[in-house]
Structure formats: C-alpha cells, structure tokens
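Student: Quick check, what structure comes out for this input:
(one chain, ligands or ions: 3)
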Amino acid sequence: MAEGLRDIPLHRGLDRILIDEETLQARVRELGREISEYYGDRSPLLVGVLTGAFVFMADLARAMAMPLRVEFMAVSSYGQATQTSGVVRILKDLDRPIEGEHVLLVEDIIDSGLTLEYLIDVLQRRNPASLRLVALLRKNKPRSVPARADWVGFEIPDEFVVGYGLDVAGRYRNLPFVAVVKPDAVLGK
Ligand code: 5GP
Ligand code: MG
Ligand code: MG
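Tutor: Numbers count the residues shown, from 1 in each chain. Ligands and ions are numbered 1, 2, ... in the order given. Now for the predicted structure:
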C-alpha cells in the first residue's frame, strides 16, 4: 500500500479508529444499491452539504447505478468549536430551482439534528417532487428535534469524530477512515 494518510492513526491528535476504510466502503456501496433501488427510473438530484459531505457524496454517487446530477450547498457550522450554536446560515445556495425534482440531501453527520431540520425546511418550501435524506453518521444521543433521515450509514457514540470528509479546525478531512480525536485536538491545542 502506498504511504500516506492511512498511516495517520499514528498521528498524535487521533485517539482511535471508529470505522475503518473497508467497513466504510462496504456500507457506502450498500447504501448506493439501496438508494438506487428506491429511486428506480426516477433520476435524483443529489444535494451535498459542504464541506463535510464531499467525500461521502463522491463515493455514494459512484455507488449509485443510475444517471444523476449533483449540486452542493454550504451552511454555516461551528467553526472551531464543537457545540452547535443552533443558528444555521446558508453560505452557498443551489444554482437552480428544485421544483419538481427528486432531491436527495446528502449529509456527513447528524449531531443535534438542527442543520438537517433547517435544510429540510428550506428545501421543502421549494416544492421538490420528493425530498429524502441520507446521512453517513448519526450520533446516538437525546435530541430536541427528531433527526429524521431516510438512510443512515452508521449509528455512532456521542463523540467528536474526524475523517472521510469531517474535520476538526479544518484538518483530517482526507483520512480514508473515521476516527475519534483526542479531546485536546477538539479544543484546538
Ligand atoms: P448538527 O448538530 O446540526 O446535527 O450538526 C451540524 C454539523 O456539525 C454537521 O453537519 C458537521 O459538519 C458538524 N459536526 C457535528 N458533529 C461532528 C463531529 O463529531 N465531528 C465533526 N468533524 N463535525 C461534526
Ligand atoms: Mg454537515
Ligand atoms: Mg466542521
């Protein structure tokens, strides 16, 4: 195997690998098959939420056996903190209307569920033919909002994770696996 980020578990900022590369890839392929079957001959528009969903989106789109389109939205996140402010702001909107489209919203992780709740609300108002949600990860924790997703890759413990698109302070998005960071890294030390 080529040298590179697979060797990063040795990095001092990481505590442990939560989901290894092989497990991630197998699950994403499975989701691709399930979601393709669900849509059948309706071609969906995949809407990825930047930046965290970019890796999942790329793999999921290629695991779907159908022609489809992709677009991205960007919303405000926590910045360098790890607690949600509950305030969501659209930083980059879709380029075109989605009225009459079969929209599949692609998210990296559901934590409080507030981001997804807000996005569902915004997109639903634009009258898509359908709106479905897939999240790679969902934290197992009590929530004030339902955190409904039609497909979830993995339910994970309530810990701060990085890799496969997810960052802490902008780093680790290119890890091919999902890892738990050490508390010091989360605090930006
Ligand atoms: P929410 O709390 O609104 O469900 O989560 C909003 C966003 O916070 C997620 O889309 C993700 O970008 C970020 N987030 C939540 N939990 C984690 C985590 O454990 N690790 C990382 N890197 N980002 C997270
Ligand atoms: Mg996200
Ligand atoms: Mg982030």
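
Student: only C-alpha atoms for contact and neighbour calcs from this point on.
Tutor: OK.

Student: what's the pLDDT at the residue lying closest to residue 88 once chain neighbours are set aside?
Tutor: Nearest non-adjacent residue to residue 88, counting by C-alpha to C-alpha, 6 or more residues apart in numbering: residue 76, 5.7 Å away. On the pLDDT scale, residue 76 is placed at 81.

Student: Would you confirm that residue 76 contacts residue 92?
Tutor: No. Using C-alpha atoms under 8 Å, residue 76 makes no contact with residue 92, being 9.4 Å away.

Student: State the three-state secondary structure for the residue nearest in space to the middle of the chain.
Tutor: When C-alpha atoms, centre = their mean is applied to the chain, the residue found nearest the centroid is residue 108 (1.1 Å). Three-state call for residue 108 (DSSP: H, G, I helix; E, B strand; the rest coil): strand.

Student: Contact partners for it?
Tutor: 49, 52, 53, 56, 135, 136, 137, 165, 166 (C-alpha atoms under 8 Å, 6 or more residues apart in numbering).

Student: Now pLDDT, secondary structure and neighbour count too, for these, in CSV please.
Tutor: Shown next, in CSV, are these (pLDDT from 0 to 100; DSSP: H, G, I helix; E, B strand; the rest coil; neighbours: other C-alpha atoms under 10 Å):
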residue, pLDDT, secondary structure, neighbour count
49, 95, strand, 22
52, 95, coil, 22
53, 97, coil, 23
56, 98, helix, 22
135, 97, strand, 23
136, 98, strand, 23
137, 98, strand, 20
165, 98, coil, 23
166, 97, strand, 25
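
Student: Do you have the strands of this protein handy? List them.
Tutor: 14-19, 45-50, 69-75, 90-92, 102-110, 130-139, 151-156, 161-162, 178-181 (DSSP state E).

Student: Would you quantify the distance from the residue nearest to residue 158 when sequence neighbours are not counted to ligand 1?
Tutor: Nearest residue to residue 158 in three dimensions, chain neighbours excluded: residue 139, at 5.3 Å (C-alpha to C-alpha, 6+ apart). Plainly put, residue 139 is 8 Å away from ligand 1 if you go by C-alpha to the nearest ligand atom, to the nearest Å.

Student: what do you get for residue 150?
Tutor: 15 Å.

Student: For that residue, grab phi and psi.
Tutor: Main-chain torsions, residue 150, degrees, to the nearest 10: phi -80, psi -30.

Student: picking up where we left off before, let me have the strands of the chain in a markdown table, extended by distance to residue 39.
Tutor: Below are these laid out as a markdown table (distance: least, C-alpha to C-alpha, whole Å):
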| stretch | distance to residue 39 |
| --- | --- |
| strand 14-19 | 28 |
| strand 45-50 | 11 |
| strand 69-75 | 13 |
| strand 90-92 | 27 |
| strand 102-110 | 9 |
| strand 130-139 | 10 |
| strand 151-156 | 13 |
| strand 161-162 | 30 |
| strand 178-181 | 28 |
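
Student: Please consider this matter closed, and thank you.
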